[in-house]
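Chemist: When you get a sec, could you give me coordinates for this:
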Amino acid sequence: MKLKPIVGSLLMLGLLSGCELADDDNDLEPLRYQLILNITEQSAGNVVISPERADYEQGAIVMLNAQAAQGYKFVSWSGDIGNADYSATSLTLTMNNHKEVTATFSQITETPSAGQVVINEVRSNEGGYDFIELFNNSEQAFTFSDANWAVNDLKGFEIDKEPGIKIPQGTTIAAGGFLVIATDQTSIPFDAPTDTLVATAGDTDFGLGKGDTALLVHNNQIVDSAHWSDGSHVSTWGRLPDGGNWHTQDEALAPTPGAANKLPAPVDGATAANIVINEVVSKGRDDADFDFVELYNTSSEPFVFAANEWELVDLDREANNQAGLTIPAGTEIPGHGFIVLLPNLVTGAQLPNGAPATAILNDNEDFGLGKGETIKLKYQGQVHQQVSYGDFHVNSYGRFPDGMEFIELVDENAPQLYASPGRKNFKTPMHVGAATTLNFTSFNDQEAALESKGFRVFGKGADLAADVEPEYVAVSADSSTAWVSLQENNGLAKIDLTTKTITDIFPLGFKDYGMAGNEIDASDKDNMIKLQTRANVVGMYQPDGIATFTQDGIDYVLTANEGDIRDWFSNFAEGEKVADIVLDESVFTDVSILQNNVELGRLLVSQYVDSDTAASSHNKLYSFGARSFSIFNGDTGEQVFDSGSSLAFEANKAGVYPDGRSDAKGTEPESVTTGMVANKRYAFIALERADAVAVYDISDVNAVSFVQMLVTQGDYAPEGVLFITADQSPTSKAQLVVANEDSGNITVYSENNEGKFDFASRLLIEGGEGAAEITAYDAQTKRLFVVNNGSLLNAPRIEVIDFANPNNIATLGAIDISYYGAGVNSVAVSNGKLAAAIESGVKTDTGVVAMFNTSSYELEMISAVGALPDMVTFSPDGKLIITADEGEPSEDYNVDPLGSVSIITVPTIQ
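Modeler: Next up is the predicted model:
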């Protein structure tokens, strides 16, 4: 009988046997003995026996080695162990008789003594990553001796039952030392301590809110907590001194991750002396056809204007003792920020195009700014500043850089500033573009007909033209036609680029999850991946990224059917869980079962289909996105292919299916591109929640097939995919560039000899989450340009990457975008020109497209476009720049700009 170490509770591993006499009494066999091994607690540990025998000769040496299971520790040996050390994990026995030994294990319940390891500092993303800092408030090092420690927030711990971020077993905090956990990051931020912990596989990253509770947890028990009230949390809150009492929430601490807590250095508040006239514009220019005066705060601290203290006048009003523009009491100008005054518009007038929503109008009689003008800013009745400019008309007269000296106006040929109300001043480029901005007002009378085919108009009080939100744009190979995804509205728009008109809206209809081939997993709480059909449940396609290709003379549009939810407005929330809505029991006959969390109860669905009135009862469930990619005929809008449930099945096979997102949009196909590899046309689909890129062969739209799943450990939330053709590639092999938004990195895959793709290189970009979103490639300079709106940056920028060697890419520098707007949403490259779509500081205001030289990074053109330009692209012939302008509503839904498409003719630059 062979003895094997078996984990169990007092399990006998052997049977006693004695020595035996042979038939020949004179031939005595050697004495042999057996070992009985008992293990306590069930599943608590294991014992390795060496050598492992059924029985042993007298005097044999046997080694026992105790190995504790995760969450347990070895306690002691007992039984026939003689004088051996009962507490050592290894035991040596001499077999001189039968022996019975018990190995005892117990669950680890140790926690640091009261106050030894505590939450010491927390930060809730005020210009940096969220973090929880632990402090060892003792004179002894503390080691996390098991893998059952984690940090979390109260919602994740008690409501969502998520694991939070686990602290690896063996992690040690030195006496008086610190451990930082960046709770909303998946890679260590650039300015964080090098031993900072971040979310890894099996963790759930989480942000810390204004009103939140941070937890230190061990064995599912709260060891320490820190709670702050909504609105009271400042940039950083902590104990002062370290390990002591929590400092008042009303006073910020200096953020000191991994170092001693301290109060910030005192900063002088802003005074009247910090307020300067920064820019003056007299209307009549293309860049800003309205009069304005911009004030700038030279302090890093905000300044609040008091009642009846500040007034803007010109010489005529001063001479005639007439009131000018009075700055209202309570108006705040941020540190190093701007306030725009519009003296020529009385309060209540409509803001001109290009003016910031925060601009101040004139409560008194309006007055304009002419040529050869002098204006005065008065404070408490005295002239605080005055500015005079010549009688020739310039784009803008102002300070450059902001708050410094005024530009010199020697003559009309002198360098000028571009009118930039509410933004940094910058010099006028050689070209100011004039965009043709198309809106959808001509389709308002077709709303009902389009809705009957699956188009959606449901924004609060909005007509079709205001409700549409153009998201992504793609252009035909012959540069004659563009298509734009209308994501929230579940449609595609078709644009004739020759006549510059929107010719069609194609409703995309709904995907029937009751059909075989369209299976979904609808629950994130059933602890399994269960793909099945669901009757009376449909998916709204709602494509985000799109691409085009031409085959056999037909233009096709390829769509990534991500889905989107209007749920961030203060008084309008679209999504509801099935468990929380009323189902029509004449259709859903098993409501009590279906609304269970392991069935359909967790599925997120829309309350609104084609109305801004929420449905009171649901006879069909409309979920977000189609969890697929599709191919549509670009001329007719007819769907010729949909991947059904293939993305989910392939992600599951690859081990990357995100079951925690089954209740929402599954793998979330975010963006898509296409390209030729040898003689095959591939589609590359970025799966945002699966952290992977799926590759399919679409050479024959009637026989699409899966090729491979690209997965790189540490890449999270692929946002953009860029295909570089073999003839443009530095290696003459096709390249795929993936921008991963959450992990803030670029990953490159290169074509191999089998026509598939292998990992080539990976580059982490400074900025944290959001540091890598959309990319563009310039073959002339072999440079990548990457949208970087990193959460850890002070201002948005375009990262420039050396791509000369795809196996070893490196950062070259960055282009500062903060002069032109508040955030860059996308980039595109053609013929040595880089176009960037840039949103305004107030999203409902008009945005701009800035065009740079890819070699010198010099600004060559700027053009105003619609509100919130999302995706920008060049036409393949390089003659046009096209943007999809979302026109997203304000948070309170009181302002809902028209969704639009802008077309700019690229200037000829010598």
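Chemist: Can you tell me what sits against the longest helix belonging to the chain?
Modeler: Ranked by residue count, the top helix of the chain under DSSP state H comes out as helix 646-653. The contact list for helix 646-653 (C-beta atoms under 8 Å, 6 or more residues apart in numbering) reads 519-521, 529, 531, 627-629, 657-658, 666-667, 669, 685, 687, 690, 692, 694, 706, 709. C-beta: built from backbone N, CA, C; applies to glycine.
Chemist: What's the mean pLDDT across it?
Modeler: For helix 646-653, the mean pLDDT works out to 98.
Chemist: Now the following helix or strand past that helix: buried residues?
Modeler: As assigned by DSSP states H and E, the chain's next helix or strand after helix 646-653 is strand 669-677. Of all the residues in strand 669-677, those buried under the rule 16 or more other C-beta atoms under 10 Å are 669, 670, 671, 672, 673, 674, 675, 677.
Chemist: and if you look at stretch 38-53?
Modeler: 38, 39, 40, 41, 44, 45, 46, 47, 49, 53.
Chemist: partner residues bridging the nearest residue to the fifth one once chain neighbours are set aside?
Modeler: In space, residue 44 comes closest to residue 105 once its chain neighbours are excluded; the distance is 3.6 Å by C-beta to C-beta, 6 or more residues apart in numbering. Partner residues in beta bridges with residue 105, using DSSP bridges, are residue 74.
Chemist: and residue 105, what does it touch?
Modeler: 39, 40, 41, 44, 45, 66, 68, 69, 72, 73, 74, 75.
Chemist: Make TSV out of these and add secondary structure.
Modeler: Conversion of the contacts of residue 105 to TSV gives the following (DSSP: H, G, I helix; E, B strand; the rest coil):
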residue	secondary structure
39	strand
40	strand
41	coil
44	coil
45	strand
66	strand
68	strand
69	coil
72	strand
73	strand
74	strand
75	strand
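Chemist: just to revisit the earlier point, from the chain's centroid, how far away is the longest helix of the chain?
Modeler: Helix 646-653 sits 23 Å away from the centroid of its parent chain (C-alpha atoms, centre = their mean, to the nearest Å).
Chemist: Mind giving me the packing neighbours of the lowest-mean-pLDDT helix or strand in the chain?
Modeler: Ranking every helix and strand in the chain by mean pLDDT, DSSP states H and E puts strand 72-79 at the bottom, with a mean of 83. Counting contacts by 3 or more C-beta pairs under 8 Å, 6 or more residues apart in numbering; DSSP states H and E, strand 72-79 is packed against strand 60-68, strand 99-107.
Chemist: buried ones in that strand?
Modeler: Buried-residue list, strand 72-79, by 16+ other C-beta under 10 Å: 72, 73, 74, 75, 77.
Chemist: Identify the farthest-apart pair in these.
Modeler: Using C-beta to C-beta, those reach their maximum pairwise distance at 72 and 77, which is 15.5 Å.
Chemist: how's the protein carved up into domains?
Modeler: By the assignment in automatic domain parsing, the chain contains the domains 32-107, 117-238, 272-428, 437-476+489-507+818-910, 742-816.
Chemist: Which among the ones you listed is found nearest to residue 736?
Modeler: Among the domains of the chain, domain 742-816 sits nearest to residue 736 (C-beta to C-beta), with 4.4 Å.
Chemist: how long is the closest one end to end?
Modeler: 21 Å (C-alpha to C-alpha, to the nearest Å).
Chemist: what's the average pLDDT for it?
Modeler: 95.
Chemist: Now the residue nearest to residue 196 when sequence neighbours are not counted: which helix or strand?
Modeler: Excluding its sequence neighbours, the residue lying closest to residue 196 (C-beta to C-beta, 6+ apart) is residue 180, at 4.6 Å. Here residue 180 sits within strand 178-182, counting by DSSP H and E.
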